[in-house]
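Novice: let me see the structure of the following:
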Amino acid sequence: QVQLLESGGGLVQAGGSLRLSCAASGRTFSSYAMGWFRQAPGAEREFVAAISWGGRNTYYADSAKGRFTISRDNGKNTVYLQMNSLKPEDTAVYYCAARQYSFSYNANEYTYWGQGTQVTVSS
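Specialist: Next comes the predicted model:
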C-alpha cells in the first residue's frame, strides 16, 4: 500500500514557476515508477510527466517538454515536478500516481493516486 500526498500548488502569473511535491508513505517507494497527471475542468485526466523507479529515465508530454522537470528523492520518498514558464493552459488539478516497476502514459495503469493539488495560472 502506498499513500500519496501532493503539495505546492497555488496561484501564479503566466511565466512564473511552481514546484509540486508528492510525499509517499510505505517502505517500497523506490520500486514504483511515479507519474504526474493533470485534469482541467471538463477535460479528461492527462499525462504530464513520469520517472522510472530509480530515477534514471524521465518521460514528458509534449506540452511539458522544456518547461517541466520531474525528479525524485527515494531517500525522502518524494517526487517533484518543477514547472517553469507556466501558461494559463497549465491550469488544472495536478495528481501524482504510483505504478509498480515500470511507468506508463496511461492513467488507468497507475495503482495509487494522491488527492491532487490545484495549480492556477493567471494571464
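Novice: the host helix or strand of W36 - contacts with which helices or strands?
Specialist: Per DSSP states H and E, W36 falls inside strand 32-39. Applying 3 or more Cβ pairs under 8 Å, 6 or more residues apart in numbering; DSSP states H and E, one finds that strand 32-39 makes contact with strand 18-24, strand 46-51, strand 68-73, strand 78-83, strand 92-100. Using the backbone N, CA and C atoms, a C-beta is placed for each residue, glycine as well.
Novice: quick check: beta-bridge partners of the residue most central in space within the chain?
Specialist: Geometric centre of the chain, nearest residue: W36, 2.4 Å, by Cα atoms, centre = their mean. W36 forms beta bridges with A49, C96, as assigned by DSSP bridges.
Novice: and it, what is it in contact with?
Specialist: W36 makes contact with 20, 22, 48-50, 70, 79, 81, 94-97 under the criterion Cβ atoms under 8 Å, 6 or more residues apart in numbering.
Novice: read off the pLDDT value for it.
Specialist: W36 carries a pLDDT value of 98.
Novice: again with the one 5 residues further on
Specialist: The pLDDT attached to P41 in the predicted structure is 92.
Novice: show me what contacts it?
Specialist: So P41 contacts nothing (Cβ under 8 Å, 6+ apart).
Novice: that one and Y32, how far apart?
Specialist: 29 Å (Cβ to Cβ, to the nearest Å).
Novice: wait, Y80 sits on A24?
Specialist: No - contact criterion Cβ atoms under 8 Å: Y80 and A24 do not qualify, at 11.9 Å.
Novice: these two: who's more crowded?
Specialist: Between Y80 and A24, A24 has the larger neighbour count (other Cβ atoms under 10 Å), namely 23 against 20.
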